[in-house]
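Enquirer: Provide a 3D model corresponding to the input given below.
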Amino acid sequence: MKQDKENSTGQDEPRHYTLLQTMKAVGWGMLGIRRNKGYSEDFSRLNPLHLIVMGLLATLVFVLVLVAAARWFIGYFTS
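Expert: Below is the predicted model of the structure:
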């Protein structure tokens, strides 16, 4: 039987974000410049598993970039 896409209030259920949209939301969250309306929309649509995975990946990339930059600066100023 086909399920109805409406909830008890008659409104459409929010669609979940794709992985790319989740990555964009995590990026804005890391920068800390998200508006309250956007934050509320993200909170209602984000898939928690996607959010955790993208948050961990974004943190890993951030740390690797910092380590690479530190190694480059140390090598640049010591040679």
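Enquirer: helices or strands up against the strand or helix carrying Val63?
Expert: Val63 is part of helix 48-78, with elements assigned from DSSP states H and E. Other helices and strands packing on helix 48-78, by 3 or more Cβ pairs under 8 Å, 6 or more residues apart in numbering; DSSP states H and E, are helix 19-31. Every C-beta, even on glycine, is put in place using the N, C-alpha and C of the backbone.
Enquirer: Name the next helix or strand following the helix it packs on along the chain.
Expert: Immediately after helix 19-31, counting by DSSP H and E, sits helix 36-45.
Enquirer: now what about that following helix, what contacts it?
Expert: Residues outside helix 36-45 that contact it (Cβ atoms under 8 Å, 6 or more residues apart in numbering) are Pro14, Arg15, His16, Tyr17, Ala25, Trp28, Gly29, Arg34.
Enquirer: Checking the third one next. Helix, strand or coil?
Expert: His16 falls in the coil class when you classify it by DSSP: H, G, I helix; E, B strand; the rest coil.
Enquirer: distance between the worst-scoring helix or strand of the chain on mean pLDDT and the chain's centre?
Expert: Within the chain, no helix or strand scores below helix 36-45, which has a mean of 82 by mean pLDDT, DSSP states H and E. Relative to the chain's own centre, helix 36-45 is displaced by 12 Å; criterion: Cα atoms, centre = their mean, to the nearest Å.
Enquirer: Please apply the same query to stretch 55-67.
Expert: Chain-centre distance of stretch 55-67: 13 Å, with Cα atoms, centre = their mean.
Enquirer: then that stretch to CSV, C-alphas only?
Expert: Extracted in CSV, the C-alpha atoms of stretch 55-67 (Å, rounded to 0.1, in the frame of the first residue of the first chain):
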residue,chain,number,x,y,z
GLY,A,55,31.6,16.4,10.5
LEU,A,56,34.4,13.9,11.1
LEU,A,57,35.6,14.1,7.5
ALA,A,58,35.7,17.9,7.6
THR,A,59,37.6,17.9,10.9
LEU,A,60,40.1,15.4,9.5
VAL,A,61,40.7,17.5,6.4
PHE,A,62,41.0,20.6,8.6
VAL,A,63,43.6,19.0,10.8
LEU,A,64,45.6,17.6,7.8
VAL,A,65,45.6,21.1,6.2
LEU,A,66,47.0,22.6,9.4
VAL,A,67,49.7,19.9,9.7
